[in-house]
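Participant: Here you go, sequence then predicted model.
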Amino acid sequence: MPPLVSVAAELRAAGCVFAEDEAELLLAAAASPDDLRAMVERRAAGFPLEHVVGRAEFRGLWIVVEPGVFVPRRRTEYLVEQALAQCPGASVVVDLCCGSGAVGAALADALGPVELHAADIDPAAVRCARTNVAAAGGQVTEGDLFDALPARLAGRVDILAANVPYVPTGEVGLLPVEARDHEPLVALDGGADGLDVLRRVAAGAPDWLAPGGCLLVETSERQVPAATRAFARAGLTVRVAVPDEEYAHVVIGVRDR
């Protein structure tokens, strides 16, 4: 049996919906037959595909994703698109709660030379993000939200992208095993209603945004009303963007000029 067919069959038996596509990625990433066998076993055991192959595609870029780091979702490409539409001439970009740094890397790739900063509270994420934003000359720091940013950025940020955790604590256990067991809880759990971190980011954003600068976060449809209220309380002009597929909502807040 050809390797692709046999690998796909094994993955399908393990419950992988896109078995053929995943088999192709594993075959391309494996350095040897033994390496392939180990990768297939890890994937069949429930490890995220991106952790197994060590990378994820995000807006045309290959993003390094190390074990234990939040995997960038393709739906979050929509947040990047909205940021570019809102601030096409941005020169200072911050990727807060950056995880792998995929959002910051994608924004820098689209905008050209920018001053890029990324931050996360998770040391593993910080190490991973440094690899992914290096080509853009990005700086990555470890810390709790705005505490991680250099003070000189205050009032200068054109795009503040914050891919905050927004899963309610009581629903974390309902997540797919790939996320629940292999991604950091701090990147998933957003508190009782999922918006604890979002509220903190919204409250602090005006001090960091430049006039006309924008804050963007992703959230679920049912959380939109509370999220927009948090943005409005912070004095931001708010709008909500929804893609055609309606799989994620992006809340955008703009600091008045």
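Facilitator: Looks like it came in fine. Numbering: from 1, shown residues only.
Participant: so what's the closest residue in space to D144 that isn't next to it in sequence up against?
Facilitator: Once flanking residues are discounted, D144 sits nearest to I121: 5.3 Å by C-beta to C-beta, 6 or more residues apart in numbering. Placement of C-beta: from N, CA and C, glycine included. I121 makes contact with C97, E142, G143, D144, L145, A148, V186, according to C-beta atoms under 8 Å, 6 or more residues apart in numbering.
Participant: what sits against the second one?
Facilitator: E142 makes contact with A119, D120, I121, D122, P123, V126, A148, according to C-beta under 8 Å, 6+ apart.
Participant: is it true that the second one touches C98?
Facilitator: So the one you mean is D120. Yes: between D120 and C98 there is a contact under C-beta atoms under 8 Å: 4.8 Å.
Participant: any shared contact partners between those two?
Facilitator: With C-beta under 8 Å, 6+ apart, D120 and C98 have common neighbours A129, V140.
Participant: What segments of the stretch 51-200 of the chain are helices?
Facilitator: Remark: helices assigned in the stretch 51-200 of the chain by DSSP state H, counting those that start in this stretch are 77-86, 102-111, 123-133, 177-182, 196-204.
Participant: A210 is nearest to which of those?
Facilitator: Minimum separation from A210 across the helices of the stretch 51-200 of the chain (C-beta to C-beta) falls at helix 77-86, 12.5 Å.
Participant: Please export the C-alpha coordinates of that closest one as PDB.
Facilitator: The C-alpha trace of helix 77-86 is given here as PDB (Å, rounded to 0.1, in the frame of the first residue of the first chain):
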ATOM      1  CA  GLU A  77      -6.800  35.700   9.500                       C
ATOM      2  CA  TYR A  78     -10.100  37.700   9.400                       C
ATOM      3  CA  LEU A  79      -8.900  39.800  12.400                       C
ATOM      4  CA  VAL A  80      -5.700  40.600  10.500                       C
ATOM      5  CA  GLU A  81      -7.700  41.600   7.400                       C
ATOM      6  CA  GLN A  82      -9.800  44.000   9.500                       C
ATOM      7  CA  ALA A  83      -6.800  45.500  11.100                       C
ATOM      8  CA  LEU A  84      -5.300  46.200   7.700                       C
ATOM      9  CA  ALA A  85      -8.500  47.700   6.400                       C
ATOM     10  CA  GLN A  86      -8.900  50.000   9.500                       C
END
